[in-house]
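Peer 1: Need a 3D model of the following:
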Amino acid sequence: MTRRQQWCVVIAFLGVIYAVPLTQTVVEITRGQVPQFFDVFRHFPTRPTLRAYETEVEQQSLVAGATRPSIQYARFLLFGEAGEKVLIGKRGWLFYRPDVRYLVEAGGQSEDPFFAIKNFSDQLGSRGIRLMVVPVPGKPSLHGEMLTSRLNSVDRVDSPTLALLARLRAAGIETIDLFGLFARNKSQIEYLARDTHWSAEAAEFAATAVATRLKDLGWVQPGAVDFDVRAVTVPRRSDIARMTRVPLIEAAYPAEEVIVHQVRERATGALYRDDPAASVLVLGDSFLRIYQTDEPKAAGFIAHLARNLRQPVTSVVNDGGASTLVRQELARRPQLLKGKKVVLWEFVERDIRYGTEGWKAIPLPPAAGVTGQAR
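Peer 2: All right, here's what the predicted structure looks like:
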């Protein structure tokens, strides 16, 4: 290679390296924005701040935003890959990659959830309020056969969540084992094929099991409110396909038609609504939100729990934040504990390792004025 050819290669290489940031900077300046590269100087350089900066650069890159969809769609067509968050299963099933990682990767969480749960249970106990913990199986724990043929003969995967359930029971904390319950009734409660969440049947099944357990323990006495249900069909678009951020891939997975049972108060015909003065407080994540506050409303776990208990409940729901954020919300609104006998705490099992904000010990405000009735 001649000297001129060598310089041409070097210049071309430098052009490729610097074209992206220069393009980004020029566009941001013409829009009247502060160039993004200045963000790296706003915080002391540590591993978390540099990683956050790197993530922001990737997400806001104009070149990446323009080219990523086409490249990702080509990978989808050629290799069956749908992005870093998505795994494609059999017969059109989709899986959320962190759900699978939770089952196959050892360790990873910085905080042991047991101690945060025990701390929360003790704080509630000092107020005379009982705690029931309800971890929800992720889709691969029950439907691994739709991900790999090696699990065709397995009713459920041996999830590490079962060890946490055993530790909690040994510490005297009440739990519900939905893993065994769902595995024994798998034909009735199949999860959504293209979504991270459970089916409407699974939500109802879990609500019935929890309500039955609460009544059997004597923690909650049946109320006097009668509810009726009405079958409603709603389209459920895939939240997993949406994670690809590629419209052409999303279009390859049409909405699933889901039949749900909407809960209405028999006396008035009104859709179910929470009651802040209820004796049961439910904390949880998007598994409680689905069908409940999104379409068609009043058809999720919370409404069916209330229907089985024959009384309204109170709820605090945070998508992806059931590990810590819901307890932080409760600490900011301690009046929600007034008159409560039971706190029901639901979280999807992947949050045991990947929960937003981890598993912090959150101190509740002083108990004065918020004491429950159970003793």
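
Peer 1: Report how many residues lie close to the residue nearest to residue 318 when sequence neighbours are not counted.
Peer 2: In space, residue 318 comes closest to residue 325 once its chain neighbours are excluded; the distance is 4.6 Å by CB to CB, 6 or more residues apart in numbering. For the C-beta atoms, the positions are set from N, CA and C on the backbone; glycine is no exception. Here the number of neighbours of residue 325 (other CB atoms under 10 Å) works out to 20.

Peer 1: now swap in residue 180 and tell me
Peer 2: Applying other CB under 10 Å, we find 14 residues neighbouring residue 180.

Peer 1: Quick one: classify it as helix, strand or coil.
Peer 2: When the structure is split into helix, strand and coil by DSSP: H, G, I helix; E, B strand; the rest coil, residue 180 lands in helix.

Peer 1: Could you do residue 188 as well?
Peer 2: Strictly by three-state DSSP, residue 188 counts as coil.

Peer 1: Distance of the residue nearest to residue 318 relative to residue 302?
Peer 2: Between residue 325 and residue 302 the distance, using CB to CB, to the nearest Å, works out to 18 Å.

Peer 1: Residue 220 now?
Peer 2: In this view, residue 220 and residue 302 are 14 Å apart by CB to CB.

Peer 1: Check residue 115 too.
Peer 2: Using CB to CB, we find residue 115 at a distance of 28 Å from residue 302.

Peer 1: So those two - more neighbours on which side?
Peer 2: Neighbours were tallied for residue 115 and for residue 302 using other CB under 10 Å; the higher tally belongs to residue 302 (29 against 11).

Peer 1: mind checking pLDDT for the closest residue to residue 237 other than its chain neighbours?
Peer 2: Leaving out its chain neighbours, the residue that sits closest to residue 237 by CB to CB, 6+ apart is residue 255, at 4.6 Å. In this prediction, residue 255 carries a pLDDT score of 91.

Peer 1: what's the distance between residue 255 and residue 227?
Peer 2: Taking CB to CB as the measure, residue 255 falls 28 Å from residue 227.

Peer 1: Neighbour count for these two, which is higher?
Peer 2: Each of residue 255 and residue 227 has its neighbours counted (other CB under 10 Å); residue 227 has more, 20 against 13.

Peer 1: Helix, strand, or coil at the nearest residue to that one once chain neighbours are set aside?
Peer 2: Nearest residue to residue 227, sequence neighbours excluded (CB to CB, 6+ apart): residue 307, at 4.2 Å. Classification of residue 307 by three-state DSSP places it in helix.

Peer 1: try residue 260
Peer 2: For residue 260, the reduced secondary structure class is strand; criterion used: three-state DSSP.

Peer 1: number of nearby residues for it?
Peer 2: Applying other CB under 10 Å, we find 28 residues neighbouring residue 260.

Peer 1: close enough to count as contact, it and residue 291?
Peer 2: Yes. Under the criterion of CB atoms under 8 Å, residue 260 makes contact with residue 291 at 5.2 Å.

Peer 1: can you list residues touching both of these two?
Peer 2: Shared between the contact lists of residue 260 and residue 291 (criterion: CB atoms under 8 Å, 6 or more residues apart in numbering) are residues 200, 234, 299.

Peer 1: Report the contact partners of the last one.
Peer 2: With contacts defined as CB under 8 Å, 6+ apart, residue 299 is in contact with 200, 232, 260, 261, 262, 263, 291, 292.

Peer 1: Skip the chain neighbours and tell me the closest residue to the first one.
Peer 2: Nearest residue to residue 200 in three dimensions, chain neighbours excluded: residue 260, at 4.1 Å (CB to CB, 6+ apart).

Peer 1: How about the last one?
Peer 2: Ranked by CB to CB, 6+ apart and with sequence neighbours excluded, the top spatial neighbour of residue 292 is residue 300, at 3.0 Å.

Peer 1: Quick check: that neighbour touching residue 289?
Peer 2: Yes. Counting by CB under 8 Å, residue 289 is a contact partner of residue 300 at 7.1 Å.

Peer 1: the more surrounded of these two?
Peer 2: Set side by side, residue 300 and residue 289 show unequal neighbour counts under other CB under 10 Å, the larger going to residue 300 at 29 against 18.

Peer 1: show me where this structure has strands.
Peer 2: If DSSP state E is used as the criterion, the strands of the chain fall at 86-88, 94-96, 130-136, 174-175, 227-236, 256-265, 280-284, 314-317, 342-348.

Peer 1: Which among those is found nearest to residue 158?
Peer 2: When these are ranked by proximity to residue 158, the top entry is strand 130-136, at 14.5 Å, counting by CB to CB.

Peer 1: same question for the closest one, mean pLDDT?
Peer 2: Rounded to a whole number, the mean pLDDT of strand 130-136 is 98.

Peer 1: What angle do strand 280-284 and that strand make with each other?
Peer 2: In this structure, strand 130-136 runs at an angle of 30 degrees to strand 280-284, with axes from the mean of the first three to the mean of the last three CA atoms, to 10 degrees as the basis.

Peer 1: what lines up beside strand 130-136 in the sheet?
Peer 2: Strand pairing for strand 130-136, using DSSP bridges, gives strand 174-175 (parallel), strand 342-348 (parallel).

Peer 1: Quick one: low-confidence residue ranges for the stretch 1-150 of the chain.
Peer 2: Per-residue confidence of the stretch 1-150 of the chain (counting by pLDDT under 70) places the weak regions at 37, 40, 48, 53, 57-59, 62-67, 106-110.

Peer 1: How is the protein partitioned into domains?
Peer 2: Taking automatic domain parsing as the criterion, the chain consists of the domains 3-88, 111-354.

Peer 1: Need the ones you listed in CSV (columns: distance to residue 94).
Peer 2: Output for the domains of the chain, formatted as CSV (distance: least, CB to CB, whole Å):
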stretch, distance to residue 94
domain 3-88, 6
domain 111-354, 4
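
Peer 1: Can you say which of those domains is packed in most?
Peer 2: domain 111-354 (a mean of 19; mean count of other CB atoms under 10 Å).

Peer 1: Alright, calling it a day.
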